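>>> coords please:
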Amino acid sequence: MHQQRFHVTVIVLISSIMAYAGPPVPFLDDNQPGINLPFSGDPNTTEDGCAQDAPRAGNNDASGKMHNEFLECDNWSFSAVDWGKAAFLQGAFVLGSSPFSDDGGWECQANVFDPNNSDGAFAGSACVNSTVRVRSTARHSAELTPRNTENDWVFSFDFKIDVLAGDTFGNDKLFDLTSATVSPITGDTDLITIRGAAPGTNEWGGSYVNGQSNRYNIWHGPIPDGGVRSDAMKTPIDFELTEGRLTVHYKASNQRLDLWLDDTLLLENFESATGNYDVISVQLGGGLGSFENALYDNIILGSLADNGSCGPDGPGASGIPGDFNCDGVVDVGDLGILGANFNANNVTYVDGDANLDGGVDVADLGIVGANWSAAQAVSLGQAVRNAGLGTFIPEPATIAVLTLALTCLGHRSARYR
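Okay, here's the model as predicted:
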């Protein structure tokens, strides 16, 4: 019974490793360009001029408001704050109630289901092809300014996508990030795009696949020989993507990107689709025509927040759980630290307390196992024995730890590549 409980504990611990690390957080630096588009106001306002059929600004409107913004509604704000410049809004959006904030989000409600409509099942198209475009600027500046590539940047936004019952098309594009530099190979500027996975030319054509809506591909690099987009540049997301926060982290240390959905790392250490990383603008939605109900909120492009460096309090914002000596890799040195303090209490992260519960035990060993570096001269199993941990854990349990940890590690490495 003890061994069974232990096996279950290990499975739960290892399956939650990705959530433990957590996504990076952007912050708006006075000295760096960025984007801050929170969408704010009272979603329940009764102010005149705040409705889908209210007057809206056109391109280069004399009012100074952006394209498609409400002309007579002062309670709702669809403009960037301090950082960034919202350049284009498409669709009959309103400020709807958001699950991500108390002051609403940009909401576009699409066709309304009407079984009595003689022209079809849907009536009206209030939000065909909903689109938000916003560009990066320095603080309080209208001049477009890309992020430099010498420092980490983080982009994140909240979203909720509902595909209407009876629709067989679905959403076409969820978002893309655009570089300030045109790729000399492809002629494109897209760093990364998440778009519908329906079959079609270059896989454009909606997110409704095999009876399921909200199915997407991640388009990224490296650019293949010949510079033509191919299946090698896409990674399918193998579940329905309907709601949450997406985060992209550019890491200057190796010029690679990580993509997160909430606390789950979807794709790590991948190249951009252009080979460039000087992000300058963002588009949410758009692509080919689509009729989904969309809500976007809290669009931010900023610097990597300093959540502390690796030390007694944890691995830091960009560290690896289980890297107790803070050298950037989980290896025999870290296992030795864990072994030396196994069963100790009142300890810190650098003593081997990977889950920060005040003690060093099998839970921490599971975290080390799940993040174990494959480039080791000594196997994980041999390293556990060398660290003297075999005397603390019954052999069947040791095997379970090693097998599950290695399986999880291999699964994480192969699933999204």
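>>> for the protein, give me the ranges with low pLDDT.
1-21, 111-126, 200-204, 306-308, 317-318, 373-417 (pLDDT under 70).
>>> pop the domain breakdown of it in here.
Following automatic domain parsing, one gets these domains for the chain: 2-16+309-415, 25-304.
>>> now residue 226: how far from residue 183?
Going from residue 226 to residue 183 by Cβ to Cβ, to the nearest Å gives 13 Å. No exception for glycine: its C-beta is placed from N, CA and C like everyone else's.
>>> more crowded one of these two?
residue 183 (19 against 8; other Cβ atoms under 10 Å).
>>> surely the more buried one is within a helix?
No. Applying DSSP: H, G, I helix; E, B strand; the rest coil, one finds residue 183 to be coil, outside a helix.
>>> buried ones in stretch 348-359?
Under the neighbour-count criterion of 16 or more other Cβ atoms under 10 Å, stretch 348-359 has 349-356, 359 buried.
>>> just stretch 90-104 next, same as before
90-96, 98, 100, 103-104.
>>> could you do stretch 319-338 as well?
319-324, 330-332, 334-338.
>>> as TSV, those with distance to residue 35 and secondary structure would be great.
Listed next are the buried residues of stretch 319-338 as TSV, based on distance: Cβ to Cβ, whole Å; DSSP: H, G, I helix; E, B strand; the rest coil:
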residue	distance to residue 35	secondary structure
319	26	coil
320	29	coil
321	30	coil
322	34	coil
323	32	coil
324	37	coil
330	34	coil
331	38	coil
332	43	helix
334	38	helix
335	42	helix
336	45	helix
337	41	helix
338	42	helix
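>>> ranges for the helices of this structure?
2-15, 17-21, 332-340, 362-370, 380-386, 395-415 (DSSP state H).
>>> picking that back up, can you put the buried residues of stretch 319-338 in CSV and add distance to residue 137?
What follows is these, written out as CSV (distance: Cβ to Cβ, whole Å):
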residue, distance to residue 137
319, 31
320, 34
321, 36
322, 40
323, 37
324, 42
330, 40
331, 43
332, 48
334, 43
335, 48
336, 49
337, 46
338, 47
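>>> in terms of distance to residue 47, which of the residues you listed ranks first?
Nearest to residue 47 among the buried residues of stretch 319-338 is residue 319, at 47.7 Å by Cβ to Cβ.
>>> gap between the closest residue in space to the closest one that isn't next to it in sequence and residue 366?
Once flanking residues are discounted, residue 319 sits nearest to residue 310: 4.5 Å by Cβ to Cβ, 6 or more residues apart in numbering. Here residue 310 is placed at a distance of 20 Å from residue 366 (Cβ to Cβ).
>>> now do the same contact list for the closest residue to residue 127 other than its chain neighbours.
In this structure, residue 127 finds its nearest non-sequential neighbour in residue 108, 3.5 Å apart by Cβ to Cβ, 6+ apart. Contact partners of residue 108, counting by Cβ atoms under 8 Å, 6 or more residues apart in numbering, are 91-93, 126-127, 130, 285, 293-295.
>>> a markdown table for those residues, including distance to residue 143?
Shown next, in a markdown table, are the contacts of residue 108 (distance: Cβ to Cβ, whole Å):
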| residue | distance to residue 143 |
| --- | --- |
| 91 | 27 |
| 92 | 31 |
| 93 | 27 |
| 126 | 34 |
| 127 | 31 |
| 130 | 28 |
| 285 | 26 |
| 293 | 35 |
| 294 | 30 |
| 295 | 30 |
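>>> buried subset of those?
Counted by 16+ other Cβ under 10 Å, these give 91-93, 126-127, 130, 285, 293-295 as buried.
>>> tell me the one of those nearest residue 345?
residue 295 (46.7 Å).
>>> residues near the residue nearest to residue 37 when sequence neighbours are not counted, how many?
Spatially, and ignoring its direct neighbours in sequence, residue 37 is nearest to residue 299 (4.1 Å; Cβ to Cβ, 6+ apart). Neighbourhood size, residue 299 [other Cβ under 10 Å]: 25.
>>> tell me where the stretch 1-150 of the chain has strands.
Per DSSP state E, counting those that start in this stretch, the stretch 1-150 of the chain carries strands over the ranges 26-27, 35-37, 85-90, 94-96, 105-108, 112-113, 122-123, 131-135.
>>> then the stretch 151-300 of the chain?
According to DSSP E, counting those that start in this stretch, the strands that the stretch 151-300 of the chain contains are 153-162, 173-179, 190-196, 216-219, 234-236, 243-251, 256-261, 264-270, 279-285, 293-304.
>>> can you add distance to residue 55 and give those strands back as CSV?
Converted to CSV, the strands of the stretch 151-300 of the chain look like this (distance: least, Cβ to Cβ, whole Å):
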stretch, distance to residue 55
strand 153-162, 27
strand 173-179, 28
strand 190-196, 33
strand 216-219, 35
strand 234-236, 42
strand 243-251, 32
strand 256-261, 38
strand 264-270, 41
strand 279-285, 23
strand 293-304, 22
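>>> to residue 42, which of the ones you listed lies closest?
Of all those, strand 293-304 comes closest under Cβ to Cβ, at 14.7 Å.
>>> which strands or helices does that closest one pack on?
strand 26-27, strand 35-37, strand 105-108, strand 131-135, strand 153-162, strand 279-285 (3 or more Cβ pairs under 8 Å, 6 or more residues apart in numbering; DSSP states H and E).
>>> what's the closest of those strands to residue 59?
strand 131-135 (12.4 Å).
>>> can you give the contact residues for that closest one?
Against strand 131-135 from outside (Cβ under 8 Å, 6+ apart): 35, 37, 80, 84-91, 106, 144, 280-286, 296, 299.
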